[in-house]
Each structure stands twice: as C-alpha cells, then as structure tokens.
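Novice: Just a sequence and a predicted model for now, questions to come.
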Number of protein chains: 2
Amino acid sequence: MSSIWQEEIAAETRAGGRISDRFIVDKVRKAVLTQRLPPGTRLPEVALGDIFGVSRSVVRKALTRLAADYVVTQQPNQVARVRAPSIEETRETFAARRLVEGEVAALLAGRLDDEQLATIASLVEREAEAHACGDEPARIEHSLAIHHLLAERSPNRVLGAMLTDLILRTSIVIALYKRAGLASCFLAEDHPALLAHLRTGDGEAARRCIHDHLQALENLLDLSTRETRIDLMAILGQREGVTE
Amino acid sequence: MSSIWQEEIAAETRAGGRISDRFIVDKVRKAVLTQRLPPGTRLPEVALGDIFGVSRSVVRKALTRLAADYVVTQQPNQVARVRAPSIEETRETFAARRLVEGEVAALLAGRLDDEQLATIASLVEREAEAHACGDEPARIEHSLAIHHLLAERSPNRVLGAMLTDLILRTSIVIALYKRAGLASCFLAEDHPALLAHLRTGDGEAARRCIHDHLQALENLLDLSTRETRIDLMAILGQREGVTE
DNA sequence: TCCTGTATTGTTGTATACAATAAATTGACA
DNA sequence: TGTCAATTTATTGTATACAACAATACAGGA
C-alpha cells in the first residue's frame, strides 16, 4: 500500500494527530494542483480509506467537500473522479476571476498598511529570485501567496472567499492547459506594477493591472479548440486510480 | 412527530420517491428562506433523520451541503445551526451580487432570443399583478424567477453558478433584515427597465440598472448598527430546534 | 447565594454491515 | 472472431452500533 502520500501520512500519525477529512481534502487538492493526480483519475472510497487509514465515512465527507470546490466530480453510484475542466470552462473561470480579483484589488488599493505592503514586496522579490534560479515550484508558491494575500485581506470577505475559490480553479486549469514546452508562466512586470498601484492607492489602475495580468496568463495557455488536449474518452477509459 | 414538512414528506413517499439528501437540502433551504427556521435554530442530526424518515448518513450529507451554501453553520462536535449573517456580511453579500449580477446582465444584453425575452416579460407582468393583489409570496417567487433566469442563461456559466449562490444568500438576509412594517420590497420601475435594456442590447445600461436595483433593495433593509436586530446570544441561548 | 466538581444526558465522529447499483468478466452462439 | 446475455466483481448508498466529546443538571461546600 504505497501511495503518493506515504511520508505525509506517516508524519501526521507520528505527530499524534489522527487523519481528518480536512487532511484528505488538502492532500488531494495539492496532488491535483501539482498534477500528481491527473484529470479523470478514479478516487474510490475504499482505496482512499485504506491509504489514509480511515473508514469510508471520513473519505466520503472529504470527497463531498472536494466536489463543492469543483476539484472532483461526484455522480450517483459512480466513483468520484478528478475533474477535467473544459476549454470553455477555463475561459469562463478566467473571466470570472478577472472580474472578482479586479474588484478586490480596486477595493484594496490604498488600504494596505506598510507591513502588508512590505510582505507583498518581499513575495514579489522572492518570486523573481526563484524564477532566476529556475526553481519553478518555489516561484509558483510565491506567486500564489501574493494572490491569496489579496483574497485574505479583501475588505469584502464574501468576494475574498470567492476569490480564494477562483485562484484554486485557475491554478488547476493552468496546470492542465499550460502550453507544451513553456517552462514558466512568469510575467516579470505584472506583480511589481500591481504593488505600485496598491501602494499609491490608484484603485482603477490596480483593477486594470489585475485584468491585464490574468489576460496575459490566459493567453499563455493552449486553448485551441482544434485538437482537444484533454481527451476525456481516453482519460475516462483508462482504469487507473490512486496507487495502493 | 409533527414537523413543518409533514405534508411534503408524505407526498414524496406516496409518489414512490424515497427521500434523498437533495430533498432535505431543498426543504431546509426553503424553510430558512421563508423564516420558518429562524437563524440560530438547532438542527440535530437524529431529529432531522426522524422527521424525514432517513438515517443520520443522509442528513449529514445534506447538512454538509447546506454548510457549503452558507445556509447553516457546522462546527466540530456541535449541532448544526441556521446561520445568522451579520450586518457587515449582508452589505458585503449585496456588493458581491451587484458586481456579479451586473456583469451577467451586461453579458446577456442583446443575446436573449425572443422567447426568453417573452418569458421575462411575462414574469415582470405577473410580479406586478401579484403585488397589486397583495400576494407577497407570489410576487417574491416571480421576482426570484427573473433573477434566476439571468443566472441560468448567463453566457459565463461560472459566473452564473456564483450568481445562483448569491441570490440565495441575499434572499436569506432580506428575509432577516427587512425593515419592520415594510410590507413588500417591490420596486415597480426596476424590472421593466432591466427588460428594456436586455432587449435593446445596451449592456452597460443593464449593468447600471441591476446595480441601482440591488442598491435600492439593500436600502430597504434595516442595517442600523445601533440596535443589533439579530441578537446571537439570545438566539443561540434558547434550546429550540426543529419541532418533532 | 455562588461556585465547583461530578454524574448524566444529548449529540456528533467513526467504523462497519448489508443492500443496491454499476462495471467487468465470462461463456455461448453465430 | 465478434456480439450479446448472464454472471461475477467492484463500488457506492444507507442504516446502525459504539466511541468521543460537549452540554446540562445536580449536589456539596464555602
């Protein structure tokens, strides 16, 4: 029973903490994000229960939550699968995020204190450094941290929660549809420019900045309808699930 | 065991359909919306299971979904309760809905075919009639149908789903914070004006119309911070739950 | 009267058994 | 060899039992 989560589960149990549904949600989410669980992967309840050392009750709750987050699909009497958002949904998700994150940035401009601005500045710097070092996972982590900070600090918490969801969903589709051969989605100018607008308090400039940034990101993806890169039939046909 | 859902459950079981988690979600949601289950109401799993004639498994799934929809709160080892959104959250929910529904309306303007426009026109008319007859429940139903139609027909389905959620959440807080003595939240001019803009295809006008409409709606609420109408301590202190 | 520790009750958390459904396999037949 | 039906296996749906935790009620002492 060697799974991709072997060490993490061992660490958690050693630390005395018993595995909860939240733990499972986190692990599956991250695995989907890093494409260790590609779209279409079967997630049978008993298999996951064996892996995490819990019963189906806990797994079921985790899967229900993942379905609410659009990470997996759950249809009656069928195994849960890692979701494969379509090209159309990808475009719509980006458009929704542009709207929401643009508004959050506009609301936030001029309202952040020096400490928060310094935190963002540090993340922007570290993102550039990681890119220079060729450490893409670290760069993604810092980039995500910037956007998550906007979501957390959003003066409107309802919009903030919506943005958190949208960041996750766009991250998944970026991993899915990243143009083959593209090493990184780093856009050197964008985050520094955003920081400047947040500092000066120009809300509309911040909104435009976010808008253009996300549009540029979307343009880096391969969303050509011709050859559907995600061949659902091929994916759903294969019998592979989580390794046990 | 006489509950507020007595007849509906009997009807469902007579019709041969067995009670599913979706059924429970619908019934609880509607009861919250119509304030038959006021905020703070305890929703113990066994009590709900007895009422609906199912085991805790089904009830638990329903409650998890209701929590994802922000209808109830679920904290570890504590009974689920009907959520009581704060005044601040109410304002934020309205602001979020203005943003999202405005965008949906702008996208939709000029894109609806004659049949869909006729459907909306009919709903607008029937809403006015219901108001004239003093039939407030019917008026609310028709008004909601108009907004739900926008959500369903949204060219961007991600935004459409978000709007569906926001319509539910605003409906709950409207019921909660409606100014005492106010018979109806009917705004005679707004829906006809929206219909006109959707027909002519003026997206920005449709956006402004939605924006002003929702702002007017929010202004009809009693969101004065002075006397907190929702006294959580009083509500959470009382032992009342669903009637058995 | 007020506080505090303890027993009791109420409620949720988890595991498991069995039923119901879907998927896969097998075998017969053309 | 290919196709269809019947059987077997895999998987989820539901109910239930027991453990763990929280809230309550009660009794005793300051």
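Specialist: All right, it came through fine. Everything numeric in this text was worked out from a predicted model, so none of it was measured.
Novice: any idea where the helices of chain A begin and end?
Specialist: In order along the chain, chain A carries the following helices (DSSP state H): A:6-14, A:21-33, A:45-52, A:56-68, A:87-108, A:114-133, A:136-153, A:157-177, A:190-200, A:203-219, A:232-237.
Novice: mind checking which of those helices is nearest B:Leu214?
Specialist: helix A:157-177 (13.5 Å; C-beta to C-beta). (Glycine included, C-beta is placed from N, CA and C.)
Novice: list the helices and strands that closest one packs on?
Specialist: helix A:21-33, helix A:87-108, helix A:136-153, helix A:203-219, helix B:87-108, helix B:157-177 (3 or more C-beta pairs under 8 Å, 6 or more residues apart in numbering or on different chains; DSSP states H and E).
Novice: Show me what the first one is packed against.
Specialist: Counting contacts by 3+ C-beta pairs under 8 Å, 6+ apart, helix A:21-33 packs against helix A:45-52, helix A:56-68, helix A:157-177.
Novice: residues contacting the residue positioned nearest the centre of chain A?
Specialist: Nearest residue to the geometric centre of chain A (C-alpha atoms, centre = their mean): A:Leu168, 2.9 Å. A:Leu168 makes contact with A:29, A:33, A:69, A:71, according to C-beta atoms under 8 Å, 6 or more residues apart in numbering or on different chains.
Novice: A:Ala109 now?
Specialist: Per C-beta under 8 Å, 6+ apart, neighbours of A:Ala109: A:197-198, A:200-203, A:205-206.
Novice: Please identify which of the helices and strands packed on helix A:21-33 is closest to A:Ala118.
Specialist: helix A:157-177 (20.7 Å).
Novice: Give the buried residues for the closest one.
Specialist: Residues A:157-174, A:176-177 are the ones in helix A:157-177 that count as buried (16 or more other C-beta atoms under 10 Å in any protein chain shown).
Novice: burial measure for A:Thr64, as a count.
Specialist: Residues within reach of A:Thr64, counting by other C-beta atoms under 10 Å in any protein chain shown, total 20.
Novice: swap in A:Arg56?
Specialist: 13.
Novice: hmm, who's touching stretch A:110-123?
Specialist: The contact list for stretch A:110-123 (C-beta under 8 Å, 6+ apart) reads A:142, A:145-146, A:149, A:153, A:155, A:195, A:198-203.
Novice: Scan those residues and report the most crowded one.
Specialist: A:Leu198 (25 neighbours).
Novice: ok, it touching A:Leu107?
Specialist: No - the pair A:Leu198 and A:Leu107 does not pass the contact test of C-beta atoms under 8 Å, sitting 10.7 Å apart.
Novice: Around DNA strand D, pick out the residues from chain A.
Specialist: Those residues of chain A that sit near DNA strand D, judged by C-beta under 7 Å from any atom of the strand, are A:42-47, A:56-57, A:60, A:76-80, A:241.
Novice: Closest to A:Ser224 out of the contacts of A:Leu168?
Specialist: Using C-beta to C-beta, the contacts of A:Leu168 come closest to A:Ser224 at A:Leu33, 23.4 Å.
Novice: Now do the domain split for chain A, please.
Specialist: Taking automatic domain parsing as the reference, chain A has its domains at A:6-83, A:87-219.
Novice: Take those and lay them out in TSV including mean pLDDT and distance to B:Thr119.
Specialist: Output for these, formatted as TSV (pLDDT from 0 to 100; distance: least, C-beta to C-beta, whole Å):
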stretch	mean pLDDT	distance to B:Thr119
domain A:6-83	92	29
domain A:87-219	95	24
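Novice: Quick one: closest of the ones you listed to B:Gly17.
Specialist: Of all these, it is domain A:6-83 that lies closest to B:Gly17, at 13.9 Å by C-beta to C-beta.
Novice: now the end-to-end length of that closest one.
Specialist: The straight-line separation of the ends of domain A:6-83 (C-alpha to C-alpha, to the nearest Å) is 23 Å.
Novice: Tell me which residues touch A:Lys27, please.
Specialist: Going by C-beta under 8 Å, 6+ apart, A:Lys27 touches A:5, A:8.
Novice: who touches A:Leu194 in this structure?
Specialist: The contact partners of A:Leu194, taken as C-beta under 8 Å, 6+ apart, are A:105, A:206, A:209-210, A:213.
Novice: Just give the closest residue to A:Cys51, not the sequence neighbours.
Specialist: For the record, residue A:51 is Ile, not Cys. Leaving out its chain neighbours, the residue that sits closest to A:Ile51 by C-beta to C-beta, 6 or more residues apart in numbering or on different chains is A:Ser3, at 4.4 Å.
Novice: isn't the one you found right up against A:Leu48?
Specialist: No - in this structure, A:Ser3 is not within contact of A:Leu48 by C-beta under 8 Å, at 9.0 Å.
Novice: Give me the more crowded residue out of these two.
Specialist: Using other C-beta under 10 Å, the more surrounded residue of A:Ser3 and A:Leu48 is A:Leu48, with 25 against 18.
Novice: Can you give me the distance of the residue nearest to A:Thr164 when sequence neighbours are not counted to A:Gly203?
Specialist: Distance criterion C-beta to C-beta, 6+ apart; nearest residue to A:Thr164, sequence neighbours excluded, is A:Ala151 at 4.6 Å. Going from A:Ala151 to A:Gly203 by C-beta to C-beta, to the nearest Å gives 17 Å.
Novice: So for A:Ser3 and A:Leu48, which residues contact both of them?
Specialist: A:Val242.
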